[in-house]
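>>> predicted model, plus sequence, below.
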Amino acid sequence: MQPLTNRAKNVDRRPMTLAERAYLPAILKGMGITFSHLFKKKPTIQYPEEKRPFSQVFRGLHVLNRDEEGRERCTACGLCAVACPAEAITMEAAERQEGEENLYREEKYAAKYEINMLRCIFCGLCEEACPKDAIYLSETFAPANYDRKGFIYGKNDLLIPNPLTDREAYEQAAGGRVRQPVAGR
Amino acid sequence: MISTLLAMQMDWALVLEKFLLIVVVVSVSLGFAMYSTYAERKVAAALQDRSGPNRFGWFGLLQPVADAIKLFSKEDIIPNKANKVLFVMGPGLAMLAALMTSAVIPWGDKIVLGGREISLQIADLNIGMLYVFAVVALGVYGVMIGGWSSNNKFSLLAAIRGASQNISYELAMGLSLIALLFVTGSLSLKDIVVGQQTNGWNILYQPLGFLIFIVCAFAECNRTPFDLPEAENELNFGYHQEYSSMKLGFYLFAEYINMFISSVIMATLYFGGYDIPFFNEAASSLHPNILALMGFGALMAKTVFFVFVFMWVRWTIPRFRYDQLMNLGWKSLIPLALFNMLITGAVVLYLQNGWPKF
Amino acid sequence: MDKSQLMFWFLSALAVFSSLMVITRKNPVYSVLFLIITFFAISGHYVLMNAQFLAIVNIIVYAGAIMVLFLFVLMLMNLNKESEQQKNKYLLWSGAIAGGMLMVIMIAALNTTEPAVVNQPGAGDIGLIKNLGTKLFTEYVVPFEISSILFLSAMVGAVVLGKKGD
């Protein structure tokens, strides 16, 4: 048969020579190899102090985005919940009352918005489905928790900080990935 | 009773001195073993391009303390159908056998305190080397009793596996040491060290014997490549399978003490013990205390090197299969040791008497 | 009472006690462990008689090797209470009679012997390794070599038995 690559090697089935049967030369050679590794550079990244840069397409925890005036963009249309293959998203819609125009961008908003992070597979389909650019997958890892309830993220866990009052926290949560609010969109 | 004791007219200063020495030696062994666990992890990490424990304390130096706290605070389980007395006795026996060897090791030359010469050796037995053997032979009981009393067939099989390995390699070890005895002419470890100070280290006379000895020491300490008694992955762990908490810790700790002690013994028997290389102790004008400390330092340096070799080999070589282990012990090492004995005996006889005249 | 006498009584008591435990324990593993303690006590006696070589060899050979083999065998046997067979009554009687007769013979033999020169504790140095070696290889060299041939034949026999399968 034609070999697929030129890396194939024939197995050497000759009986071992005395030097090979004595084990020791092979053992010393192996010890030489391991010893040389003492002086090699360690590839370890000291995690909490050092962090590896994220890929542009990394999909971490979700954030619910706000617009440039700090209003929530989500209208509780439910498209993200429909798109979600893991059925991790649930929400309840509510109507915007008089005087809440500075809180919610449109007349309908999500009174309750929960993502079960244990079910979520971080596929990003919710992000694609959202017509209002309201949900994004950020660069944050899912942090540890003591019980399962802690992994059901509510609205106050998901909402991004208000860009008007706390610009710095907003930038940090948005990372390089959340589409920054553009006027007129 | 008290009058009897008083009538013995014991040299109380001697008793106190030996007692203090025992305390110091045991705590040094324990401390060394404790930091061997840290060193093992650091060496393993370095050989595998990792960095090892580096969080608790400066460079992770407090890691052994954290490990001890962890082990102590774990749940101590005694299996329901285990033989409780022996189950508790097993780890203790392992530890006892590991620590007892240190009694005959000369840790250094004499020190002088207040006009009193104190030998840095707990007991200078004229059968020191045989004592080491006896204690090594007793080490098997910790393994066997622990494995049997757990009332678990896997523990039992592992115990028998470990015990037969220990017994097999004891033979080759003994034979390699007999050849060494031809050269030194004494069983006292102190005499062996003193002899090496004048005649040069025994490794020069007994290279093959040392090779056999170090292989057997690896097997006796249950270290890789001979760590079948505790092969976690392919042989379902070992004789301490049912142990948990500090009882397990004792078994693992005894292994590190064994490693330390056998390194010291290798340094003592073949590498001059507390002899400082290229330095004539007898002709130097230094204070004897300083000399003794330097000698102790030299012994420790050799020991650290051997402990490093133990770890280095562990992270290089895979395990032997059980039949390979037995073949190596019985079919290679014992004939080699016998051959070494024959050659050494012939050479020693020739040097003493010349060619035989018939 | 001086030091060595005190040690003597302690070791003797230990030896007698643990050998009694050897024959009275139901569990044979305990018997073996007590037998090991007995060997240690006897080794202690050897040390008191300045026979250090004998003492340590006793520990290496008996406590370190032979008892390990005993333990090996015992641990591989099923020692459950259920599997223990019903003992034959006649067997008990015959054992008692045989043992009793052995004791009578021993007492009779000990009665008629002259008390030999009792080795004073600490006296004599024949047990030291150098003297023992010299004696063995000069005065007793023939019996020594004969016994070594006995061991050699035992070893050859073991190898032959082990080779049988191939």
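Here it is on my side, so go on. Numbering: from 1, shown residues only, chains lettered A, B, ... in the order given.
>>> B:Leu30 in helix, strand or coil?
Look at B:Leu30: counting by DSSP: H, G, I helix; E, B strand; the rest coil, its state is helix.
>>> I'd say B:Arg348 and B:Leu181 touch.
Arg isn't right for residue B:348; it's Val. No - between B:Val348 and B:Leu181 there is no contact under Cβ atoms under 8 Å: 10.1 Å. For glycine as for every other residue, the C-beta is placed from the backbone atoms N, C-alpha and C.
>>> now do the helices in chain C.
C:3-24, C:28-48, C:52-57, C:67-76, C:89-112, C:129-138, C:141-163 (DSSP state H).
>>> pull out the buried residues from stretch A:151-164.
Buried residues in stretch A:151-164, counted by 16 or more other Cβ atoms under 10 Å in any protein chain shown: A:Phe151, A:Ile152, A:Tyr153, A:Lys155, A:Asp157, A:Leu158, A:Leu159, A:Ile160, A:Pro161, A:Pro163.
>>> just the pLDDT for C:Ile42.
The confidence metric pLDDT takes the value 92 at C:Ile42.
>>> what's the answer for C:Ala116, then?
On the pLDDT scale, C:Ala116 gets 62.
>>> can you point me to the longest helix in chain A?
Every helix in chain A considered (DSSP H), the longest is helix A:24-36.
>>> please name every helix or strand in contact with the helix or strand where A:Asn156 lies.
Assigned by DSSP states H and E, A:Asn156 belongs to helix A:155-158. Helices and strands touching helix A:155-158, by 3 or more Cβ pairs under 8 Å, 6 or more residues apart in numbering or on different chains; DSSP states H and E, are strand A:62-64, strand A:108-116.
>>> which strands and helices lie in contact with the last one?
Counting contacts by 3+ Cβ pairs under 8 Å, 6+ apart, strand A:108-116 packs against strand A:89-95, strand A:152-153, helix A:155-158.
>>> now, which of the buried residues of stretch A:151-164 sits nearest chain C?
Distance to chain C, by Cβ to the nearest Cβ, is smallest for A:Phe151 among the buried residues of stretch A:151-164, at 50.1 Å.
>>> what comes up buried for the helix or strand where B:Arg41 lies?
Element membership for B:Arg41, per DSSP H and E: helix B:12-47. Within helix B:12-47, the residues that qualify as buried are B:17-18, B:21, B:25-26, B:29-30, B:32-43, B:45-47, counting by 16+ other Cβ under 10 Å.
>>> which of the buried residues of stretch A:151-164 scores worst on pLDDT?
Within the buried residues of stretch A:151-164, pLDDT reaches its minimum at A:Pro163, with 81.
>>> check for me that that residue belongs to a strand.
No - according to three-state DSSP, A:Pro163 belongs to no strand; its state is coil.
>>> now do the residue in chain C positioned nearest to chain B, the pLDDT please.
Going by Cβ to the nearest Cβ, chain B is nearest to C:Gly64 of chain C, at 2.7 Å. Note for C:Gly64: predicted pLDDT of 83.
>>> so it touches B:Tyr131, yeah?
No - contact criterion Cβ under 8 Å: C:Gly64 and B:Tyr131 do not qualify, at 11.7 Å.
>>> anything in stretch B:173-182 near chain C?
No - applying Cβ under 8 Å from any Cβ of the partner chain, one finds stretch B:173-182 separated from chain C by no less than 8.7 Å.
>>> hmm, who's touching that stretch?
Residues from elsewhere that reach stretch B:173-182 (Cβ atoms under 8 Å, 6 or more residues apart in numbering or on different chains): B:129, B:133, B:136, B:187, B:202, B:206, B:209-210, B:212-213, B:216-217, B:220, B:269-270, B:334, B:337-338, B:340-341, B:344-345, B:348.
>>> which ones among these also lie next to chain C?
Within those, those near chain C by Cβ under 8 Å from any Cβ are B:Phe133, B:Leu187.
>>> residues of the helix or strand containing B:Ile261 that come out buried?
Assigned by DSSP H and E, B:Ile261 belongs to helix B:245-270. Within helix B:245-270, the residues that count as buried by 16+ other Cβ under 10 Å are B:245-270.
>>> check whether the very next helix or strand once past that helix comes into contact with chain A.
Toward the C-terminus, helix B:245-270 is succeeded by helix B:288-314 as the next helix or strand (DSSP H and E). Yes - using Cβ under 8 Å from any Cβ, helix B:288-314 reaches chain A at B:Trp312, B:Val313.
>>> helix B:288-314 - contacts with which helices or strands?
Applying 3+ Cβ pairs under 8 Å, 6+ apart, one finds that helix B:288-314 contacts helix A:24-36, helix B:12-47, strand B:111-113, helix B:207-220, helix B:245-270.
>>> kindly export the fourth one (C-alpha atoms) in PDB.
Put plainly, it is helix B:207-220. Provided in PDB are the C-alpha atoms of helix B:207-220 (Å, rounded to 0.1, in the frame of the first residue of the first chain):
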ATOM      1  CA  PRO B 207      31.400   1.100  41.200                       C
ATOM      2  CA  LEU B 208      29.400  -2.000  40.300                       C
ATOM      3  CA  GLY B 209      28.400  -2.600  43.900                       C
ATOM      4  CA  PHE B 210      27.200   0.900  44.100                       C
ATOM      5  CA  LEU B 211      25.100   0.500  41.000                       C
ATOM      6  CA  ILE B 212      23.500  -2.600  42.400                       C
ATOM      7  CA  PHE B 213      23.000  -0.900  45.700                       C
ATOM      8  CA  ILE B 214      21.300   2.200  44.200                       C
ATOM      9  CA  VAL B 215      18.900   0.100  42.100                       C
ATOM     10  CA  CYS B 216      18.000  -1.900  45.200                       C
ATOM     11  CA  ALA B 217      17.600   1.200  47.200                       C
ATOM     12  CA  PHE B 218      15.100   2.400  44.600                       C
ATOM     13  CA  ALA B 219      13.200  -0.800  44.900                       C
ATOM     14  CA  GLU B 220      13.300  -0.800  48.700                       C
END
